[in-house]
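J.: No letters, just coordinates:
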């Protein structure tokens, strides 16, 4: 799945798009650690709005995106936040009640 | 209470609260531009050789305060309403009512300040003092209440607290000066209060608020490393203590070694801050064109030119031109440093805030959120770039104007056009938010 990201046209976003395209089925990687607000929010919403079930959005950010948590929750997504050792934050989003994703996360 | 530097977007004031201040602020700078233009035309017609000969001229005082009260303080107050909520997780008490009181008292107070200075009618000075003191007092009390009730502690909040305390001291000295202008036959006029007022206003109220906000917005908007935590903790306190020492030593021992030493300690604090800001901006991860970064760099360069001028003044190298040096220093610090930082920050804060509010109007509707304009559509690079160029032109012309008064017409025109553009940019964004709210 390739989300439409044409509104975000700078080089960093282009790399992000490449990451998304190259990711394995079921996991969408999104590195927004070098983007200024509110670009990470807009980019994540674009991906989440088209994200099929049995898929995880794996987002790398330099801080917790609180406004995104709220919007994603309102739209039926759950999230899990992990603080990485390099100071970055990994946030995983998936559809609520997606048992396959949940069991996959538990197993990992 | 949490020790946390993150921002909380659950508490954001209704969008009209900060934007009413951002919309009004350019109008006062435009008025200052018109006044400068008129002075310039008069000087050209009458061969007025006394224009820009001294900082003590009434014309200098009221033109300056149109900018410092009407534009700088107006914008800082709007930012304070916004930042206190986001950093502290607490809205300023009173909501729209308090914002309306502070906003209208500031507008009326700054306008009456101008009228009182021009007409020299004594009771206008009382009325202007009353409105400004009450408006700023209400703001200070509400701001301090919100900070003390904050959900977390951070160096930004410490810096903001010290900034508000400085505002209170500055306001008392400013009120006293206004009354001394109106009733000099009863109260006399002690010029020492002017420097006292000036230090608390620029280094305290404005400087500390900018510093505190920058601890958050530079790493956030420019994707730089964070400020050193110890530096963030110590610097605002060091600046505040220096301000106390500078203002008291300047009052009681003006021109003596002790007063000069404290003055340079304060300058060194801001010099260190300027160097750290410059260094952080050079460590940006994305080296793309960023107008705000250029504004910051103009501010840091202006500060160091100001610093050099202070050294030169102390060494009395330019003693015959002391009045001109004093006016040039004023232009550098107010237009070169403060307005550059504020103008630059607005290029980020205005589109970010408008996006944040428009996103709220979407109430979690993905399809609506996807239609939100991008930051660079909300505030175009073309407009930001034009604003920066006009700002540089205004700064250059204002500096030239002090040396060659014939440039006053051009300086006034440039200031007017610069802030007309800022008004256009802000109005365009406000229209966008209003439309989105109504959908």
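T.: That came through fine. This structure is a prediction, so every number in the text was calculated from the model and none was measured. Residues are numbered from 1 along each chain as shown, chains lettered A, B, ... in the order given.

J.: Outside of stretch B:55-62 itself, list whatever touches it.
T.: Contact with stretch B:55-62 is made by B:35, B:39, B:50-52, B:54, B:113-114, B:117-118, B:191, B:323, B:326-327, B:330, as judged by Cβ atoms under 8 Å, 6 or more residues apart in numbering or on different chains. (Each C-beta comes from the backbone N, C-alpha and C, glycine too.)

J.: Tell me the buried residues in that stretch?
T.: Within stretch B:55-62, the residues scored as buried using 16 or more other Cβ atoms under 10 Å in any protein chain shown are B:55, B:60, B:61, B:62.

J.: just stretch B:320-332 next, same as before
T.: Neighbour counts over stretch B:320-332 (16+ other Cβ under 10 Å) mark B:324, B:325, B:327, B:328, B:329, B:330, B:331, B:332 as buried.

J.: okay, the fifth one: pLDDT?
T.: It refers to residue B:329. Residue B:329 carries a pLDDT score of 96 in this model.

J.: So it, which state does it fall into?
T.: Of the three states, residue B:329 takes helix according to DSSP: H, G, I helix; E, B strand; the rest coil.

J.: Would you pull up the residue in chain A closest to chain B?
T.: The nearest approach of chain A to chain B comes at residue A:74, 3.2 Å away (Cβ to the nearest Cβ).

J.: what residue ranges in chain A score low on pLDDT?
T.: For chain A, the stretches flagged by pLDDT under 70 are A:1-25, A:106-108.

J.: Let's see that with 50 instead.
T.: A:1-9, A:11, A:14, A:17-18, A:20-24 (pLDDT under 50).

J.: Can you pull up the residues of it that come close to chain B?
T.: A:7-8, A:10, A:12, A:34-39, A:41-42, A:45-46, A:48-49, A:62-64, A:66-67, A:70-71, A:74-75 (Cβ under 8 Å from any Cβ of the partner chain).

J.: Give me the PyMOL select line for those residues, limited to the buried ones.
T.: Only the buried entries of the residues of chain A next to chain B go into this PyMOL selection, using 16+ other Cβ under 10 Å:
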select buried, chain A and resi 7+8+12+34+35+36+37+38+39+41+42+45+46+48+62+63+67+71+75
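
J.: Now intersect the residues of chain A next to chain B with the strands, please.
T.: If you go by DSSP state E, these have nothing in strands.

J.: Put together JSON lines for the buried residues of stretch B:320-332, with distance to chain A on each row.
T.: Below are those laid out as JSON lines (distance: Cβ to the nearest Cβ, whole Å):
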{"residue": "B:324", "distance to chain A": "42"}
{"residue": "B:325", "distance to chain A": "40"}
{"residue": "B:327", "distance to chain A": "38"}
{"residue": "B:328", "distance to chain A": "35"}
{"residue": "B:329", "distance to chain A": "34"}
{"residue": "B:330", "distance to chain A": "34"}
{"residue": "B:331", "distance to chain A": "32"}
{"residue": "B:332", "distance to chain A": "29"}
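
J.: now stretch A:44-63: how far from the chain's centre is it?
T.: Its chain's average C-alpha position is 3 Å from that of stretch A:44-63, according to Cα atoms, centre = their mean, to the nearest Å.

J.: Spell out which parts of the stretch 301-439 of chain B neighbour chain A.
T.: Near chain A, when you scan the stretch 301-439 of chain B using Cβ under 8 Å from any Cβ, you find B:348, B:352, B:355-356, B:359, B:363-364, B:366-367, B:369-370, B:372, B:374-375.

J.: which pair in those residues spans the largest distance?
T.: Within those, B:348 and B:367 form the most distant pair, 27.4 Å apart (Cβ to Cβ).

J.: quick one, which of those two is more surrounded?
T.: Each of residue B:348 and residue B:367 has its neighbours counted (other Cβ atoms under 10 Å in any protein chain shown); residue B:348 has more, 23 against 8.

J.: Alright, that wraps it up for me.
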